[in-house]
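> Task: produce atomic coordinates for the following.
(2 chains)
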Amino acid sequence: GESVGLHLPTLSVQEGDNSIINCAYSNSASDYFIWYKQESGKGPQFIIDIRSNMDKRQGQRVTVLLNKTVKHLSLQIAATQPGDSAVYFCAENIKREYGNKLVFGAGTILRVKS
Amino acid sequence: ETGVTQSPTHLIKTRGQQVTLRCSSQSGHNTVSWYQQALGQGPQFIFQYYREEENGRGNFPPRFSGLQFPNYSSELNVNALELDDSALYLCASSLEWGTGPPNYGYTFGSGTRLTVV
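Here you go, the predicted structure:
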């Protein structure tokens, strides 16, 4: 079935270090991938996205890498800050006959230690 | 530019009751999707509305239904509430043209926390 999974349920990093969150997806036809950050009591907040015709995309302090050969997605956060503490989800956009839908993973908790 | 707003923010209902949740889409967006997020899990796709019609549904029973209005806002209705319906209900708006991924992605609201007792 469709699934987007994560390798590590919880990641603890020291403030200032780099963080890497990994994700595996299962649908080869997915055309678009998104990383979301979700803080307690809030909805998912867009971090960065990447289309399936790209391997890498950089934003401010964040980089997403896409390896279609092994169906793997990663989010790199540079110089992690306490404000980065949250649950991070990868999501896979699946194109249906009409419209799109997102398939989310279970999430990775990122804890930043000061 | 306004984001996605959802109401109410919190709701407590009794098993067997009916509930209506509301969502106003982001300005310029024409599509609304609804997701259910159980505690400790990722959001699960319920359905999507485009041009005031249901445009695909996830693995949810018919007692989950919805509407989209001409101004692109949307409602999610759940009948005969069950305890397992307790969750955060998220609305996401997007701009879709029927082909390819949505332009500029999805914008999520903060959700409605539904508790069924």
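> Give the burial count for the closest residue to A:Asp49 other than its chain neighbours, as a bare number.
Spatial nearest neighbour of A:Asp49, chain neighbours left out: A:Ile34 (4.4 Å); criterion: Cβ to Cβ, 6 or more residues apart in numbering or on different chains. (Glycine included, C-beta is placed from N, CA and C.) A:Ile34: 22 surrounding residues under other Cβ atoms under 10 Å in any protein chain shown.
> Same check on B:Gln41?
15.
> residues in contact with it?
The contact partners of B:Gln41, taken as Cβ atoms under 8 Å, 6 or more residues apart in numbering or on different chains, are A:Ala106, A:Gly107.
> distance of it from B:Val117?
The gap separating B:Gln41 from B:Val117 is 20 Å, by Cβ to Cβ, to the nearest Å.
> where do the strands sit along the chain?
Picking chain A for this. A:4-6, A:10-14, A:19-25, A:32-38, A:45-51, A:56-58, A:62-67, A:72-77, A:86-95, A:100-104, A:108-113 (DSSP state E).
> I was thinking of chain B, sorry if that wasn't clear
Using DSSP E, the strands found in chain B span residues B:5-7, B:10-13, B:19-24, B:31-37, B:44-50, B:53-57, B:64-68, B:74-78, B:87-95, B:103-108, B:112-116.
> Residues in a beta bridge with the spatially most central residue of chain B, which ones?
Taking Cα atoms, centre = their mean, the centroid of chain B lies closest to B:Trp34, which sits 2.7 Å from it. Beta-bridge partners recorded for B:Trp34 (DSSP bridges): B:Phe47, B:Cys91.
> Alongside chain B, which residues does chain A contribute?
A:4, A:31-32, A:34, A:36, A:41-46, A:49, A:51, A:89, A:91, A:93, A:95-107 (Cβ under 8 Å from any Cβ of the partner chain).
> hang on, the earlier thing: any idea how far chain A is from the residue nearest to the centre of chain B?
11 Å (Cβ to the nearest Cβ, to the nearest Å).
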